[in-house]
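>>> Sequence below, structure please.
(2 chains)
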Amino acid sequence: MIDTTHELGVAPPDFAEFYRRDAPGVQRFMCAFAGRELGVEATAESFARMLERWPQLRRLADAQRRAYALTTAKNYVRRVAVLDARFELLDDQHDVGRADSDLDRVTDSTGLVQAVRRVIDAQPARRRQVALLFFLHDDTTADIARLLDMSESTVRSHVSALRKLLQPYVQRFQQFTEASGDA
Amino acid sequence: MPDQTDPTRELIRRAYADLSYSGDDNDVEGDLADVVRRAGRPRVQDDTADVITLAPRRSRRRFAAVATFAAAVVTILGVYAASAGVRPGQDAGAPTPIGSLTATPGATEEPAGTPTPAGTVPPAGTTPPVSVPSVPRVLPSSCASSWVMELAGTTFKVTEARGSCPALSLDRIWLLDARSGNGRVAPGDAVLWSIVPVDGGKGPVQPPFTFRPGAWPGPVVGHTYEVIYVSQDLAPQLKPGDDAAAAYETALSISRTVIA
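All right, here's what the predicted structure looks like:
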């Protein structure tokens, strides 16, 4: 039974519950964001930092704790990227990804969302990170610029490029939703 | 506030639906014990949840530009100070510009009779400044491979192809003895030997002169020899026979290469 604090080598029960509930989601996102190895590492480090501050953090609401864990993990990735120069320092403006050629074979919305994911996953690392942060996490361009160590205009360029890249998929998506009566 | 009706956003969210918080699985890699272990580990930098205060790239570029400008100003002032030199009557104890060879007893903290960095030996009890050839603070580009060497037995006779390289301090010039490398000096490719003028002089040297490398075992067929000008930081640390790779990285070639 978990009933002691981490100073004794065991996590307090409410932290253990928080970890069990939220760590998988944080880790999935971080693996998509930064790759599996760094994503797992960032998640573990993030929750370790939270455990150290758990007396203060345990009072936060669930959503706030989740946001704290994600922010800490993202900052960890950023620090690794800055210190180790792990991300390729490409000219962001010319960092062009591949388009997916399977769109013509997509016949339903399930296949479409899978194709969209393939397209985004095939993008260069930094553009893929912008996609996840901007569209999935609703992070602001200023926050993304800080996290990825790029200018806000570069973030906007990536977003614009992604929108352009996904334009045919969006059109197909709208056709599917209209046909199925969802719209 | 993001536009929640944005179809692109909606499509991407559906594509990455598995990244949302379902809260009903626990397939996290690693375990809580690992987190607990990490929590007790000392870290180099704290507060990862806080905003990391590294300046954005633009700010760093701006800082670099300011730093470059400041360095240029300092360099110009330094060159000006060096060209002015130390004049007799300068305050005792005042710092002597590096490279100034107008040695004034009392102007440095070294006792009389001790060789100065430039190799002059101020005679004890004398006050007039000892004039020696001036060495450059910044090596002129005209010095590049300007010396021509001729190997004769165990000595090198040095002449100058272009008469525009000033005298150079002996503690900065070393003989590069390369046994391999084809012009590239990696660790193990070459060693350094000190330059000892046969006339016994210890001051700055300028062709024509003849030297014998200190502690040198002699020429080896196939080895190449050239004189290099090492950095001021490394010069005091060098000993005859040292590997040349580190010093060669920042050194300048003074002579043309001689092949034994």
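>>> Which single residue of chain B ends up nearest chain A?
B:R38 (3.5 Å; Cβ to the nearest Cβ). The way it works is simple: take the backbone N, C-alpha and C, and place the C-beta from them, glycine included.
>>> Any figure for the gap between that residue and A:E45?
B:R38 sits 6 Å away from A:E45, going by Cβ to Cβ, to the nearest Å.
>>> Who has more neighbours out of the two?
A:E45 (23 against 19; other Cβ atoms under 10 Å in any protein chain shown).
>>> Confirm for me that the more buried one is in contact with A:Y76.
Yes. In terms of Cβ atoms under 8 Å, A:E45 counts as a neighbour of A:Y76; the distance is 5.0 Å.
>>> what's stretch A:174-183 in contact with?
Stretch A:174-183 has contacts (Cβ atoms under 8 Å, 6 or more residues apart in numbering or on different chains) with A:D108, A:S109, A:L112, B:P7.
>>> Grab the nearest non-local neighbour of the residue of chain A found nearest chain B.
Closest to chain B within chain A is A:A48: 3.5 Å, counting by Cβ to the nearest Cβ. By the measure of Cβ to Cβ, 6 or more residues apart in numbering or on different chains, the closest residue to A:A48 outside its immediate chain neighbours is B:R38, 3.5 Å from it.
>>> Quick check: next helix or strand after the helix or strand harbouring A:R79?
Assigned by DSSP states H and E, A:R79 falls within helix A:62-84. Where DSSP H and E defines the elements, the next helix or strand beyond helix A:62-84 is helix A:109-121.
>>> and that following helix, does that touch chain B?
Yes. Judged by Cβ under 8 Å from any Cβ of the partner chain, helix A:109-121 comes into contact with chain B through A:S109, A:L112, A:V113, A:Q114, A:V116, A:R117, A:I120.
>>> Report the buried residues of that helix.
Neighbour-count burial for helix A:109-121 flags A:S109, A:L112, A:V113, A:Q114, A:A115, A:V116, A:R117, A:V119, A:I120 (criterion: 16 or more other Cβ atoms under 10 Å in any protein chain shown).
>>> ditto for stretch B:246-256
In stretch B:246-256, counting by 16+ other Cβ under 10 Å, buried: B:A246, B:A247, B:Y248, B:A251, B:L252, B:S253, B:I254, B:S255.
>>> and if you look at stretch A:30-46?
By 16+ other Cβ under 10 Å, the buried positions in stretch A:30-46 come out as A:30-35, A:38-46.
>>> tell me, which of those residues make contact with chain B?
A:A32, A:V40, A:T43, A:A44, A:E45, A:S46.
>>> Next secondary structure after the helix or strand of chain B with the lowest mean pLDDT?
Lowest by mean pLDDT, DSSP states H and E among the helices and strands of chain B is helix B:57-84, with a mean of 73. With elements assigned by DSSP H and E, the helix or strand that comes after helix B:57-84 is strand B:147-152.
>>> and B:S164, helix, strand or coil?
coil (DSSP: H, G, I helix; E, B strand; the rest coil).
>>> residues touching it, list them.
B:P140, B:S142, B:C143, B:S146.
>>> And the strands in the stretch 151-260 of chain B?
B:155-160, B:173-178, B:190-197, B:209-214, B:224-229, B:252-253, B:258-259 (DSSP state E, counting those that start in this stretch).
>>> Show me the strands paired with the first one, marking each as parallel or antiparallel.
Translated: strand B:155-160. Using DSSP bridges, the strands paired with strand B:155-160 are strand B:147-152 (antiparallel), strand B:209-214 (antiparallel).
>>> confidence score at the residue nearest to B:P197 when sequence neighbours are not counted?
Closest residue to B:P197 apart from its sequence neighbours, by Cβ to Cβ, 6+ apart: B:F211 at 5.0 Å. Model confidence at B:F211, expressed as pLDDT, equals 93.
>>> Ok, A:E88 next?
Here the pLDDT value assigned to A:E88 is 46.
>>> Quick one: residues contacting the closest residue to B:A17 other than its chain neighbours.
Closest residue in space to B:A17, ignoring its immediate chain neighbours: A:V113 at 7.7 Å, by Cβ to Cβ, 6+ apart. Applying Cβ under 8 Å, 6+ apart, we find A:V113 in contact with B:L11, B:R14, B:A15, B:A17.
>>> What is the neighbour count of the residue nearest to the first one when sequence neighbours are not counted?
So that's B:L11. Leaving out its chain neighbours, the residue that sits closest to B:L11 by Cβ to Cβ, 6+ apart is A:F173, at 5.0 Å. When neighbours are defined as other Cβ under 10 Å, A:F173 has 21 of them.
>>> show me what contacts A:A145?
Neighbours of A:A145 in contact, by Cβ under 8 Å, 6+ apart: A:S151, A:E152, A:T154, A:V155, B:P56.
>>> Would you mind giving the residues of helix A:109-121 next to chain B as TSV with pLDDT added?
Below are the residues of helix A:109-121 next to chain B laid out as TSV (pLDDT from 0 to 100):
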residue	pLDDT
A:S109	77
A:L112	85
A:V113	85
A:Q114	87
A:V116	88
A:R117	89
A:I120	89
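>>> Just put the residues you listed in CSV and tack on distance to B:A71.
Shown next, in CSV, are the residues of helix A:109-121 next to chain B (distance: Cβ to Cβ, whole Å):
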residue, distance to B:A71
A:S109, 60
A:L112, 57
A:V113, 55
A:Q114, 55
A:V116, 50
A:R117, 50
A:I120, 44
